[in-house]
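In: turn this into a structure:
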Amino acid sequence: MNNSTFSVTLPEREELAARVRSRTLPAEDVRRARLILMLADGATFTTIQHALGCNRSYISQWKQRFEEGGLAALYSRHRGRSPSKSAMKLEAKILARTQQKPADGSTHWSTRKLARELGTDHMRVARVWKRARLQPHRVESYVASNDPQFESKAADIIGLYMNPPECAAVFCVDEKTAIQALDRLDPVLPMSPGRAERHGFEYYRHGTLSLYAALNTDTGEVLGKTADRHTSEEFVAFLSDIVAHQPEGREIHIIADNLSAHKTKRVEEFLTRHSNVTIHYTPTYSSWLNQVELWFNKIERDVIARGVFTSIPDLSRKLMRYIREGNKNPKPVKWSYSNVRRRIRPSTDLTVTGH
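Out: As a prediction, the model looks like this:
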């Protein structure tokens, strides 16, 4: 059976694709979304039957419902009886009490503690929390930028990512300081079936070093350099390395944070000598705007956190090897800012300036 006449709009396709990727939606909702996408792509009933393990009447039913009611029609119409008024009152009571502190001085509720407080079952509390997406056991940290120029600086950097100047190079630059060269005193026991890799508790410190990194936002390549200390002199030397790796006179934009070593007189002198280089400073407490922070998280996981380093040169050698291997198949960050209305007015022009 040919489904060439069946089609979905772009917003509907995006929503259906999001449902297919979801790890929290019920499996049946994901299955229906896959069904509609396959129909829209011209798949035959037979192909869909084999892919989804369903029969032809199932396909016809949900195809018809989607044609009649769109996305809203892809949910089951019979979800059991309506909750009683007493159950709704208890649910409201659970939600209200959850958002208050326990009287015993603890910081948050557990399902069993709240169930005892309200005289109900702890599984009922868990179900109510799940529906309301409440997780009292979790806490997240945040730092709000107090930079009075947050909007203009953020828009400037977002403009470099989303609309970079033609023929210019854009680098995200930062340093990871005080990386410890830790050597384990006991041998590392390798991973085996049913058992994780094990490290001895005791270790020996050989010292620390700093890692400078510049992430090319267009290619994903990383220019790296290790140093004993993170000073303004080292930062300027690293900027010189970046310039040396680019064609002479090419416009270069550097995204960096507000570390004092990035704003010294030596840095100003460097910028005066290299008029083609512009540094764009992120707003205060806004490291999330700098793509190289994502790369630093990656090298921390892949090399540093579980690494065994017999000396400072050994640590430097392993860091630089990781950078070289990564540059053989670089991947740029797929960066997006999903809600420009959050702290950035919709009218803000995302174009590149200098500051």
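In: find the centremost residue of this structure, please.
Out: Taking CA atoms, centre = their mean, the centroid of the chain lies closest to residue 294, which sits 8.0 Å from it.
In: where's that one relative to residue 184, distance?
Out: With distances taken as CB to CB, to the nearest Å, residue 294 is found 28 Å from residue 184. For the C-beta atoms, the positions are set from N, CA and C on the backbone; glycine is no exception.
In: figure out how far the longest strand seen in the chain is from the centre of its chain.
Out: Identified as the longest strand of the chain according to DSSP state E is strand 169-184. Distance of strand 169-184 from the chain centroid (CA atoms, centre = their mean, to the nearest Å) equals 19 Å.
In: counting neighbours, what do you get for the nearest residue to residue 230 once chain neighbours are set aside?
Out: Counting by CB to CB, 6 or more residues apart in numbering, residue 210 is the residue found nearest to residue 230 once chain neighbours are left out, at 4.3 Å. Residue 210 has 17 neighbouring residues, counting by other CB atoms under 10 Å.
In: give me the pLDDT for the residue nearest to the centre of the chain.
Out: pLDDT, residue 294: 93.
In: ditto for residue 150
Out: On the pLDDT scale, residue 150 gets 87.
In: pull the contacting residues for the nearest residue to it once chain neighbours are set aside.
Out: Nearest residue to residue 150 in three dimensions, chain neighbours excluded: residue 283, at 4.3 Å (CB to CB, 6+ apart). Residues counted as contacts of residue 283 (CB atoms under 8 Å, 6 or more residues apart in numbering) are 145, 147, 149, 150, 153, 154, 289.
In: give me the below-cutoff pLDDT ranges for the protein.
Out: Residues of the chain meeting the criterion pLDDT under 70: 1-4, 77-83, 337-355.
In: quickly list the domain ranges of it.
Out: 10-74, 85-132, 150-326 (automatic domain parsing).
In: for residue 139, which of these is the nearest?
Out: Smallest distance to residue 139 across these (CB to CB): 8.2 Å, for domain 85-132.
In: so how far is the first residue of that closest one from its last?
Out: 18 Å (CA to CA, to the nearest Å).
In: same question for stretch 289-306.
Out: For stretch 289-306, the end-to-end distance is 27 Å (CA to CA).
In: mind listing what's buried along that stretch?
Out: Judged by neighbour count using 16 or more other CB atoms under 10 Å, the buried positions of stretch 289-306 are 289, 290, 291, 292, 293, 295, 296, 299, 303, 304.
In: which residues touch the fifth one?
Out: Listed by CB under 8 Å, 6+ apart, the contact set of residue 293 reads 172, 174, 287.
In: closest to residue 130 among the residues you listed?
Out: residue 287 (32.9 Å).
In: what about the closest residue to the residue nearest to the centre of the chain other than its chain neighbours, how many residues nearby?
Out: Nearest-residue entry for residue 294: residue 333, 5.9 Å, with adjacent residues in sequence omitted and distances by CB to CB, 6+ apart. For residue 333, the count of nearby residues is 14 (other CB under 10 Å).
In: following the helix or strand encompassing residue 68, which helix or strand comes up?
Out: Secondary structure from DSSP states H and E places residue 68 in helix 56-69. Downstream of helix 56-69, the next assigned helix or strand under DSSP H and E is helix 85-98.
In: tell me the helix or strand right after that following helix.
Out: Downstream of helix 85-98, the first helix or strand assigned by DSSP H and E is helix 111-118.
In: just checking, what packs against that next one?
Out: Contact partners of helix 111-118 among helices and strands, from 3 or more CB pairs under 8 Å, 6 or more residues apart in numbering; DSSP states H and E: helix 85-98, helix 122-132.
In: deepest in the core, which of the ones you listed is it.
Out: helix 122-132 (a mean of 16; mean count of other CB atoms under 10 Å).
In: who's in contact with that helix?
Out: 90-91, 94-95, 98, 111-112, 114-115, 118, 134-136.
In: for the residues you listed, which two are the farthest from each other?
Out: Maximum pairwise distance among these (CB to CB): 20.0 Å, between 90 and 135.
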